[in-house]
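Undergrad: Any chance you could fold what I've pasted below:
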Amino acid sequence: MKIKKTYFILFLLLGSMIHAQDGIPVYSDYFADNLYLLHPSMAGAAAHNQLRLTARQQWFDQDEAPNLQTLSFNARLGDRSGVGAIVFADKNGYHSQTGGYLTYAHHIMFSRTEVDLNQLSFGLSAGLVQSRLDETEFDPNDFDPVIAGIIQSSSYFNLDAGVSYNFVNFSGHFTVKNIIFQNRNLFSENFEPNNQRQYLFSAAYAITGGPYSQWAYEPSVLFQWRERTGEQALDTNIKVYRTMDFGQLWGGISYRRSFDGSEFLDGTEVSTQKLQYWTPVIGVNYKKWLFAYTYSYQAGNIRFQSGGFHQITLGYDFLGNRPQTYSCNCPAIN
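TA: Residues are numbered from 1 along each chain as shown. Just a heads-up that it's a prediction; the model follows:
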């Protein structure tokens, strides 16, 4: 049984490792008011310009644990254009990647007035990513012809494209990541195919407690699908907002479930477990500043470690070209 558990754990870690090498990994960054990381069409879509810094660390008591840092900026240019930029560093054991994206978005307003929200947006991001595999610490006495004992690196260019529609309290987004087939030459083609294309669909709707209520509620979903492997995952989320004199307090919880699982031997029976995460978040908007803390906990009988994944988001919103916010309960835009 221990052997079976070990293989299952390695399967989960290997899947996480491979996914982490496809550009910026899709964690729960977007849940902390950072939709631009997922959807290039959101560059410059908000009523204000945005600067966001995130730091994610998994398993503090484990050496070489996965960690990710991102710095993103997006702003409106004129009435119809938006621009953005992202730089990131992602490390997962002996594998790491660094890179950056530049984004252009075009926004079409169907609103009758300046404060009504009815906006269709298109975005395109061009990214350059360098992947690295550090084999220098591998045991040289454990001979394997695949291991060269050096630092291998490979750089590649790719594109993300997406569309967003924001109408009053509703928002919907569709994005295709890694559009171009690229061969990174760090592994064999059977282990790492050149098709890293991924499809993302998300939607949210904000609900107010009444015309004079200080409370708002925002259920949302995110669906992911990988073209090459057919892997699928669904996030189901809920956030609650409370308007304060200084800004806004908010919190929520996200549940991610993969549609794919792995079999393992549980005593004398064969069981199946699918990857599941619970992610609570708490945040505050103080004037133009934003702070959020996110904690992801992996559910299931078999886990690598009992600890979770910690993430901190810092943000700053500064004046765009709009004189006032939109007349809607739309947290992603206002």
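Undergrad: Using PDB, write out the CA atom coordinates for the longest strand seen in the chain.
TA: Looking across the chain with DSSP state E, the single longest strand is strand 247-266. The C-alpha trace of strand 247-266 is given here as PDB (Å, rounded to 0.1, in the frame of the first residue of the first chain):
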ATOM      1  CA  GLY A 247     -13.100  51.300   1.200                       C
ATOM      2  CA  GLN A 248     -14.200  47.700   1.200                       C
ATOM      3  CA  LEU A 249     -13.800  44.400   3.100                       C
ATOM      4  CA  TRP A 250     -14.300  41.200   1.200                       C
ATOM      5  CA  GLY A 251     -13.800  37.500   1.500                       C
ATOM      6  CA  GLY A 252     -14.800  34.300  -0.100                       C
ATOM      7  CA  ILE A 253     -14.100  30.600  -0.800                       C
ATOM      8  CA  SER A 254     -13.300  28.700  -3.900                       C
ATOM      9  CA  TYR A 255     -13.600  25.000  -4.600                       C
ATOM     10  CA  ARG A 256     -11.600  23.400  -7.400                       C
ATOM     11  CA  ARG A 257     -12.200  19.900  -8.600                       C
ATOM     12  CA  SER A 258     -10.500  18.000 -11.400                       C
ATOM     13  CA  PHE A 259     -12.500  15.700 -13.600                       C
ATOM     14  CA  ASP A 260      -9.500  13.400 -13.900                       C
ATOM     15  CA  GLY A 261      -8.300  11.100 -11.100                       C
ATOM     16  CA  SER A 262      -5.900   8.300 -10.300                       C
ATOM     17  CA  GLU A 263      -6.500   4.900  -8.900                       C
ATOM     18  CA  PHE A 264      -4.700   3.700  -5.700                       C
ATOM     19  CA  LEU A 265      -4.800   0.600  -3.500                       C
ATOM     20  CA  ASP A 266      -6.700   1.300  -0.200                       C
END
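Undergrad: helices and strands around it, which ones?
TA: If you count contacts as 3 or more CB pairs under 8 Å, 6 or more residues apart in numbering; DSSP states H and E, strand 247-266 packs onto helix 2-19, strand 232-243, strand 269-286. In short, each C-beta sits where N, CA and C put it, glycine included.
Undergrad: avg pLDDT for the first one?
TA: The one in question is helix 2-19. Over the span of helix 2-19, the pLDDT mean works out to 41.
Undergrad: shaky segments in the stretch 51-200 of the chain?
TA: 59-64, 138-149, 184-192 (pLDDT under 70).
Undergrad: do the same with the stretch 201-334 of the chain
TA: Judged by pLDDT under 70, the stretch 201-334 of the chain has its weakly predicted residues at 211, 263-267, 270-271, 301-307, 320-324.
Undergrad: Which residue ranges of the stretch 51-200 of the chain form strands?
TA: 67-77, 81-92, 95-109, 118-134, 151-167, 170-177, 198-205 (DSSP state E, counting those that start in this stretch).
Undergrad: Return the residues in contact with the closest residue to Arg228 other than its chain neighbours.
TA: Spatial nearest neighbour of Arg228, excluding adjacent residues (CB to CB, 6 or more residues apart in numbering): Asn195 at 4.1 Å. Each residue near Asn195 by CB atoms under 8 Å, 6 or more residues apart in numbering is listed here: 181, 227-228.
Undergrad: quick one, phi psi at Asn195?
TA: phi -100, psi 100 (degrees, to the nearest 10).
Undergrad: Relative to Asn183, how far out is it?
TA: Counting by CB to CB, to the nearest Å, the gap between Asn195 and Asn183 amounts to 10 Å.
Undergrad: and the residue nearest to Ser258 when sequence neighbours are not counted, how many neighbours?
TA: Excluding its sequence neighbours, the residue lying closest to Ser258 (CB to CB, 6+ apart) is Leu275, at 4.0 Å. Using other CB atoms under 10 Å as the criterion, Leu275 is surrounded by 19 other residues.
Undergrad: so Leu275 makes contact with Glu231?
TA: No: applying CB atoms under 8 Å, one finds Leu275 not in contact with Glu231, separated by 9.7 Å.
Undergrad: Next, show the common contact partners of the two.
TA: Going by CB under 8 Å, 6+ apart, residues that sit against Leu275 and also against Glu231 are 258, 260.
Undergrad: Report the contact partners of Tyr104.
TA: 43, 81-83, 123-124.
Undergrad: And the buried ones among the residues you listed, selectable in ChimeraX?
TA: In ChimeraX, a selection of the buried entries from these looks like this (16 or more other CB atoms under 10 Å):
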select :43,82,83,123,124
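Undergrad: Skipping its backbone neighbours, what lies nearest Ser81 in space?
TA: Sequence neighbours aside, His106 is the residue nearest to Ser81 in space, at 6.3 Å (criterion: CB to CB, 6+ apart).
Undergrad: and the one you found, what are its bridge partners?
TA: Ser81, Phe122 (DSSP bridges).
Undergrad: Could you do Phe167 as well?
TA: Beta-bridge partners, per DSSP bridges, of Phe167: Asn118, Phe170.
Undergrad: what's the neighbour count on it?
TA: Neighbours of Phe167 (other CB under 10 Å): 16.
Undergrad: check contacts around it.
TA: Neighbour list for Phe167: 117-119 [criterion: CB under 8 Å, 6+ apart].
Undergrad: Highest neighbour count among those residues?
TA: Busiest of the contacts of Phe167 [other CB under 10 Å] is Leu117, holding 21 neighbours.
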